[in-house]
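Chemist: what shape does this take:
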Amino acid sequence: EYRGLVKHTGGCHCGAVRFEVWASADLHVFNCNCSICTKKQNRHFIVPASRFKLLKGADNLTTYTFNTHCAQHTFCKTCGVQSFYTPRSNPDGYGIAPHCLDDGTVQTVVTEDINGKEWEKAVKEHKTIRDMSKP
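Modeler: Model (predicted):
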């Protein structure tokens, strides 16, 4: 258990992939405008890897990478839903899709736009994004 955090559970649409994640009940969600996030409507919050646990479906995940191949865009082979991924900004953590969480544990969501079209500049100028995956 993590002090001040709640256990959220979630997964893909078909249920083949399930996970749990410890995070605040008040989520800070990024809305990125880079090419892939725009196409997928990928809004996500970031957590350290130590607060994420894949409960089932490792064998049902596949990964897409491009450009630097740092970001690991994992998604369900059956339904195609990306419920989490490894972001380029935080390769030591996970980006979790808040819309893939089960109902009942999220109190509020604050969304912050991030200019992924100018990724290097945006991440360099952002004061806290790199620390979000630190335990």
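
Chemist: which residue packs closest to residue 57, ignoring adjacent ones?
Modeler: residue 17 (3.4 Å; Cβ to Cβ, 6 or more residues apart in numbering). All C-beta spots, glycine's among them, are computed from the backbone N, C-alpha and C.

Chemist: contacts only, for the one you found.
Modeler: Applying Cβ atoms under 8 Å, 6 or more residues apart in numbering, we find residue 17 in contact with 11, 54, 56, 57, 60, 61, 76, 81, 83.

Chemist: same check, this time on residue 30
Modeler: Contacts of residue 30 (Cβ under 8 Å, 6+ apart): 43, 44, 45, 46, 95, 111, 112, 113, 114, 129.

Chemist: gap between it and residue 14?
Modeler: Distance, residue 30 to residue 14, using Cβ to Cβ, to the nearest Å: 26 Å.

Chemist: and for residue 52?
Modeler: From residue 52 over to residue 14 the distance is 20 Å, taken as Cβ to Cβ.

Chemist: check residue 79 too.
Modeler: From residue 79 to residue 14 the distance is 4 Å (Cβ to Cβ).

Chemist: go on, residue 41?
Modeler: Distance from residue 41 to residue 14, counting by Cβ to Cβ: 19 Å.

Chemist: kindly report the same for residue 128.
Modeler: From residue 128 to residue 14 the distance is 34 Å (Cβ to Cβ).

Chemist: and if you look at residue 87?
Modeler: Residue 87 is 24 Å from residue 14, by Cβ to Cβ.

Chemist: these two: which is more packed in?
Modeler: residue 87 (25 against 14; other Cβ atoms under 10 Å).

Chemist: great, nothing more from me.
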